[in-house]
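A.B. asks: From the sequence below, what's the structure:
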Amino acid sequence: MGTNIVKKPILRFKTYDQLQVLRVPLEIDKLIPACHLVRIVNDCIEKLDMSYFEDYYSNFGCPAFHPKMMIKIWIYGYCERIYTSRRLCKALRENVNFIWLSGNQHPCFKTLCDFRSNKMETMVDTVFKEVLLMLLELGYIDLDTLYIDGSKWEANAN
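C.D. replies: Have a look, this model is predicted:
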């Protein structure tokens, strides 16, 4: 009697090495499509006049993060439904779009929160108006039709 020996196929896998840092693309810019929202936010903020930010900073102490970078992060964060400084801080470490937008800088959550509550609070109206006008001029948005949601929902505290 003959015995049938069944050979298992040899499994092959792609190389997996977590310590191999050279495999990470060195140019993050190539990972982001040309028409992505993060590029639109970046272009709009780059075109803004930032001279009025100089009143909020001094030459004393540690150099501050650039206000353009901080505004870009917050505006793109709002577009991505990230409203808290801790979640934004996490996105700056983990999300490729935020890493590219910040230039791989990592302000802590306290710095992000202080910027929004102290500096951005007084300038937010001006920045959003300028961005809105720029988006209108570039044709990204259209204000011909405006909808206001007047929905009312009954609350149940139980």
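A.B. asks: how many neighbours does residue 51 have?
C.D. replies: For residue 51, the neighbour count with other C-beta atoms under 10 Å is 7. Any C-beta I mention is one placed from the backbone N, CA and C, and that applies to glycine too.
A.B. asks: Can we start the residue count at 20 from this point?
C.D. replies: All right, first residue 20 from here; so that's residue 70.
A.B. asks: Could you measure from it over to residue 142?
C.D. replies: Distance, residue 70 to residue 142, by C-beta to C-beta, to the nearest Å: 12 Å.
A.B. asks: residue ranges with poor pLDDT in this protein?
C.D. replies: 20-22, 31-45, 165-166, 171-172, 174, 176-177 (pLDDT under 70).
A.B. asks: which stretches of it form strands?
C.D. replies: For the chain, applying DSSP state E gives no strands.
A.B. asks: Helices of that one, start to end?
C.D. replies: In the chain, the helices defined using DSSP state H lie at 56-65, 86-98, 104-113, 115-121, 128-133, 139-157.
A.B. asks: Residue 115 and residue 46 touch, don't they?
C.D. replies: No. Residue 115 is beyond contact range of residue 46, at 11.5 Å (criterion: C-beta atoms under 8 Å).
A.B. asks: Could you check which of those two is surrounded by more residues?
C.D. replies: It is residue 115, of residue 115 and residue 46, that has more neighbours when counted by other C-beta under 10 Å, with 13 against 7.
A.B. asks: wait, what's in contact with the more buried one?
C.D. replies: By C-beta atoms under 8 Å, 6 or more residues apart in numbering, the contact list for residue 115 reads 47, 50, 51.
A.B. asks: how about the nearest residue to the most centrally placed residue in the chain, chain neighbours excluded?
C.D. replies: Residue closest to the average C-alpha location in the chain (C-alpha atoms, centre = their mean): residue 117, at 3.7 Å. Closest residue to residue 117 apart from its sequence neighbours, by C-beta to C-beta, 6 or more residues apart in numbering: residue 110 at 4.4 Å.
A.B. asks: burial measure for the one you found, as a count.
C.D. replies: So residue 110, with other C-beta under 10 Å, has 20 neighbours.
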